[in-house]
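>>> Output the structure for:
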Amino acid sequence: MNMSKIASGFLIGLLLATSVAGCTSTPTRSSTGEYIDDSVVTSSIKALIYDDPELKIGQISVKTYKGVVQLSGFVNSKQAADKAAALARSVKGVERVDNSLIVK
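Model (predicted):
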């Protein structure tokens, strides 16, 4: 009976250790918390762009990975591209903005 308690304790510890390790980030994959944070950042930026009459959300793609925001797509002017980047930078949690918007 004592041996079965030790074995079950070991298995529970192993299970907990692997579940915690599954939630950590790697260089190519964000953790669950980082993924949720990035989703909130992306949604916040999209809302700001949508509310701006000079910008068209349908022409601008927003992606966030570990706090780095990638803006891509097409805008009508350099000022619109700069404004989109400024809006993105204003959101809490943004580490850097890579502005790849193309003026058409």
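
>>> Return the per-residue confidence for Ser100.
Note for Ser100: predicted pLDDT of 97.

>>> How about it, nearest residue that isn't a chain neighbour?
With sequence-adjacent residues excluded and distances taken as C-beta to C-beta, 6 or more residues apart in numbering, Ser100 is closest to Ser72, at 4.5 Å. To be clear about C-beta, it is placed using only N, CA and C from the backbone, and glycine gets the same treatment.

>>> next one: Ile60
Closest residue in space to Ile60, ignoring its immediate chain neighbours: Gly73 at 4.4 Å, by C-beta to C-beta, 6+ apart.

>>> List the beta-bridge partners for that neighbour.
Following DSSP bridges, Gly73 is listed with bridge partners Ile60, Leu101.

>>> Double-check it against Ile57; I have them as touching.
No - the pair Gly73 and Ile57 fails to qualify as a contact (C-beta atoms under 8 Å) at a distance of 9.4 Å.

>>> Let me see the ranges of the helices in the chain.
Under the criterion DSSP state H, the chain carries helices at the ranges 2-21, 32-51, 78-89.

>>> quick one: buried residues of the last one?
For helix 78-89, the buried set under the neighbour-count rule, 16 or more other C-beta atoms under 10 Å, comprises Ala80, Ala81, Lys83, Ala84, Ala85, Leu87, Ala88.
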